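Q: Provided below for reference: sequence and predicted model.
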Amino acid sequence: MPSLLDPGVERDPYPLYRTLREGFPLVRDELLGAWLLSRYADVRAALVDARLGASGAGPSPACQGLLEPALRAAAERTAFVLARRIAGRREVDLVAEFSAWLPAAAAVAALGLPWEDAARVREWCRTGPAHPGGRHPELGGLLRRHIARRRAHPGTGLLSVLCDARVDGQALRDDTVTGLAGTLLTGGGEAAAHALASFLANLLDHPAQLDLVRARPELIPGAWAESLRRDPPAPVVLRRALVPISLGGTTLPTGAVVACLVGSAGRDPFRFADPDRYDIFRAGPADPADPAHLAFGAGQSFCPAAALAALTAECGLRALLAAMPGLRWAPGFRPAPRGLMARAPRLLLVRPS
Ligand code: HEM
């Protein structure tokens with residue numbers, strides 16, 4: 001029986017995804033210890049099925065509307081600085097110098113924390129509990145020190161806003177502020193950085209579409225959503241059966257783990273015509289930001305930071321395009337995405353001009 005842990009799958013899972021969709025739509029992966037679902041319709045149905053519990057930390061208000069204006073301003077500023085810093089180089093790796101930094105550094109800037117914290121936050125995103133919603137244990141210590149300082153000497157940024165906030169006349173408790181700020185800093189793990197790397201790779205691979213997006217920035221949301229469909233950064237979303245559940249004629253016992261293969265669902269030809277093709281117009285004009293991809297999950301645990309991730313990516317792309325009019329691959333370079341649970345190219349060698 002095929003397994004996600006078979007050799008080579010981490011580099012190129014698409015042949016296996018096809019085999020699964022065509023011949024084994026629900027199959028037990030003994031090596032992984034999970035049931036695999038690979039067809040778009042089945043994955044979507046499982047994600048919204050209340051009998052299958054999610055493993056996430058629960059939605060956090062940290063990811064809701066309050067944060068959006070502050071994060072947008074911080075992401076614009078941070079992306080501008082990062083892009084200007086590399087614009088004059090002959091050749092540059094956009095992962096090491098840009099996409100791996102932007103989400104963490106933008107969150108640090110939005111909270112009003114010092115720039116030096118960005119390196120630590122980036123490292124915690126890389127090594128901390130896997131997304132979704134995870135927070136690195138050392139984050140609490142860092143935030144508590146900043147909170148104590150802000151309570152004594154209010155400053156600018158979201159952390160001061162949270163420290164000053166009153167609910168029914170009461171200040172928010174330290175652990176509430178830590179929870180909110182912590183989710184913003186590391187709740188996405190590396191997902192946002194990986195998604196940004198794949199987004200840049202897809203556009204650089206399609207220079208004509210990149211030119212269109214450069215000329216018409218209103219096409220960016222569709223281009224971003226299409227990249228998430230084709231190359232989701234978290235291609236496997238796990239669920240656990242809360243009760244015995246019958247799927248496609250097979251009964252799974254309580255506790256069975258179901259791996260919803262979002263990466264396979266996004267390439268299902270029964271849902272998406274010519275699914276391997278990257279096409280920024282795929283969703284059509286009706287709702288360019290929603291080509292029905294499942295990269296943020298679905299149902300009750302739908303990623304609460306989907307809009308924040310989109311705005312960070314948009315600010316990042318705009319800053320790069322503004323600073324680098326001739327942005328293109330370095331001669332001979334081809335991106336090589338890898339990773340099973342967290343997937344993205346780890347190197348993006350470009351010529352900025
Ligand atoms: C492009 C970037 C991102 C992608 C593709 C992504 C994807 C996902 C997915 C697939 C889930 C699980 C949904 C489910 O179980 O149905 C999730 C949950 C979650 N994500 Fe994200 N995410 C991203 C960025 C972020 C960021 C930046 C944050 C924090 C600021 C974040 C915070 C969370 C939280 C807290 C949950 C748990 C929700 C719950 O359990 O109800 N995500 N995300």
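A: Done, it's in.
Q: now the phi/psi pair for Thr156, please.
A: phi -100, psi 170 (degrees, to the nearest 10).
Q: so who does the closest residue in space to it that isn't next to it in sequence touch?
A: Leaving aside its sequence neighbours, Thr156 sits nearest to Gly112 (C-beta to C-beta, 6 or more residues apart in numbering; 5.3 Å). (C-beta placed from N, C-alpha, C; glycine too.) Taking C-beta atoms under 8 Å, 6 or more residues apart in numbering, we find Gly112 in contact with 155-160.
Q: distance of Gly112 relative to Arg149?
A: 11 Å (C-beta to C-beta, to the nearest Å).
Q: in the stretch 151-300 of the chain, which spans are strands?
A: Secondary structure of the stretch 151-300 of the chain (DSSP state E, counting those that start in this stretch): strands at 166-167, 170-171, 236-241, 245-247, 250-252, 257-261.
Q: right, and those strands - which one's nearest Leu20?
A: strand 257-261 (7.2 Å; C-beta to C-beta).
Q: if we can go back for a sec, of the contacts of Gly112, which belong to helices?
A: 158-160 (DSSP state H).
Q: hmm, back to that, can you tell me which of the strands of the stretch 151-300 of the chain the model trusts least?
A: Note on those: lowest mean pLDDT is at strand 166-167, with a mean of 82.
Q: partner strands of it, parallel or antiparallel?
A: Using DSSP bridges, strand 166-167 pairs in its sheet with strand 170-171 (antiparallel).
Q: my read: Gln192 touches Ala309, true?
A: I think there's a mix-up here, since residue 192 is Ala and not Gln. Yes. Ala192 lies in contact with Ala309 (C-beta atoms under 8 Å); the separation is 4.7 Å.
Q: what's around Arg85, how many residues?
A: 13 (other C-beta atoms under 10 Å).
Q: typo on my end, Leu26
A: Neighbours of Leu26 (other C-beta under 10 Å): 18.
Q: for the ligand, what is the nearest residue in the stretch 251-353 of the chain?
A: The nearest approach of the stretch 251-353 of the chain to the ligand comes at Gly297, 2.3 Å away (C-beta to the nearest ligand atom).
Q: ok, that residue - contacts?
A: 47, 54, 132, 237, 262, 303.
Q: residue contacts, the closest residue to the fifth one other than its chain neighbours?
A: The spatially closest residue to Val262, leaving aside those adjacent along the chain, is Leu294, at 4.6 Å (C-beta to C-beta, 6+ apart). Taking C-beta under 8 Å, 6+ apart as the definition of contact, the neighbours of Leu294 are 40, 43-44, 47, 232, 237, 260, 262, 265-266.
Q: any chance of the residues you listed in a markdown table, plus neighbour count and distance to Asp168?
A: Output for those, formatted as a markdown table (neighbours: other C-beta atoms under 10 Å; distance: C-beta to C-beta, whole Å):
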| residue | neighbour count | distance to Asp168 |
| --- | --- | --- |
| Tyr40 | 24 | 46 |
| Val43 | 27 | 43 |
| Arg44 | 19 | 41 |
| Leu47 | 24 | 37 |
| Pro232 | 26 | 41 |
| Val237 | 29 | 37 |
| Cys260 | 28 | 40 |
| Val262 | 27 | 41 |
| Ala265 | 31 | 44 |
| Gly266 | 25 | 45 |
